[in-house]
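Colleague: Pasted the sequence and its predicted model underneath.
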Amino acid sequence: MFVITSADNDKLKTIRKLQQKRWRTKLGLFGAEGEDLVRPGAEFILRSGIDVEPELLDAVSTLGSGTRVIGVYQQRWADPEGDLLVYLHGVEDPGNVGTIIRSAHALADATVVLGPGCADPYSPKAVRASMGSIFDRPPARAALDELSGGKLALDAAAELELRDAERPSVLVLGSERGALPDGLDTVRIPVHADSLNVAMAATVALYEVANRMAADG
């Protein structure tokens, strides 16, 4: 079996490139690190000590402790459709984007739609935060006015509470300090602090909405 022994190997070069958004966009690829994330269907997979010398794989890892396996995959983008969509507006932190993709998949089997100003869902941090949901429920891209159905925004300053709102088909979330699009019905999650992190707020809202959808049949 061939074992990579040179840092100039093309596969290692590709993994290094994919740490930059411009190369992820140009190649249409992304990397996934760790045994919990890597799955079949990759363009290629490199395993430490089997396909490549361990120190060479650690050198292209984005994890501080190194990694045992890295897979490279084609990016996939979904159509923005379904009974429930989660629209993100200006959510810049990739960890939040990945966590919301995970929560949307786990709680409502819903698609996350990325609007303007959002972090790349295929960045290493977002992929890790999604814990594999990026494969099972890939994100979509669209403007808010392109989405059909009722829209409901989470806003800490709103008067109406989430539990009192009608079920949305598009749940709209923004960053904690950013402004949401105008003209939306807004609700809040009652909390004792000033606000929730957007990923936490999304998870709570998705749990509530998913329960309502199940109860309504």
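Modeller: In hand now; what should we look at?

Colleague: Just give me the neighbour total for the residue nearest to Y207 when sequence neighbours are not counted.
Modeller: Excluding the flanking residues, the one nearest Y207 by CB to CB, 6 or more residues apart in numbering is L107, at 5.4 Å. Backbone N, C-alpha and C define where each C-beta goes, glycine included. Neighbour count of L107, defined by other CB atoms under 10 Å: 19.

Colleague: following the strand or helix carrying L107, which helix or strand comes up?
Modeller: Secondary structure from DSSP states H and E places L107 in helix 94-108. Remark: after helix 94-108, the chain's next helix or strand is strand 111-114, criterion DSSP H and E.

Colleague: Need the contact partners of that following strand.
Modeller: Applying CB atoms under 8 Å, 6 or more residues apart in numbering, the external contacts of strand 111-114 come out as 78, 80-82, 85-88, 97, 100-101, 104, 121, 137-142, 147, 170.

Colleague: Measure how far the helix or strand hosting E55 is from the centre of its chain, please.
Modeller: Element membership for E55 (DSSP H and E) is helix 54-59. In terms of CA atoms, centre = their mean, to the nearest Å, the centre of helix 54-59 is set 27 Å apart from its chain centre.

Colleague: Walk me through which strands the very next helix or strand once past that helix pairs with, and which way each runs.
Modeller: Sequence order places strand 69-74 as the next helix or strand after helix 54-59, per DSSP H and E. Sheet pairing of strand 69-74 (DSSP bridges) gives strand 29-33 (antiparallel), strand 44-47 (antiparallel).

Colleague: and those, which is most packed in?
Modeller: Highest mean neighbour count of the strands paired with strand 69-74: strand 29-33, a mean of 23 (counted as mean count of other CB atoms under 10 Å).

Colleague: name the helices or strands packed onto the helix holding L107?
Modeller: Counting contacts by 3 or more CB pairs under 8 Å, 6 or more residues apart in numbering; DSSP states H and E, helix 94-108 is packed against strand 85-89, strand 111-114, helix 124-130, helix 133-136, helix 198-216.

Colleague: tell me the mean pLDDT for it?
Modeller: Helix 94-108 carries an average pLDDT of 97.

Colleague: ok, back up a step: okay, buried residues for the helix holding E55 please.
Modeller: Buried residues in helix 54-59, defined by neighbour count with 16 or more other CB atoms under 10 Å: L56, L57.

Colleague: same deal with stretch 187-197?
Modeller: By neighbour count on 16+ other CB under 10 Å, the buried set for stretch 187-197 is V187, R188, I189, S195, L196.

Colleague: got it, and stretch 208-215?
Modeller: E208, V209, A210.

Colleague: Nearest to I50, out of those residues: which one, please.
Modeller: Nearest to I50 among the buried residues of stretch 208-215, counting by CB to CB, is A210 at 40.7 Å.

Colleague: What sits closest to that closest one if chain neighbours are left out?
Modeller: That would be A108: by CB to CB, 6+ apart, it lies 4.2 Å from A210.

Colleague: residues contacting that neighbour?
Modeller: For A108, the contacting residues are L84, L206, V209, A210, M213, by CB under 8 Å, 6+ apart.

Colleague: With respect to S48, which of the residues you listed is nearest?
Modeller: Checking these against S48 by CB to CB gives L206 as the nearest, at 36.0 Å.
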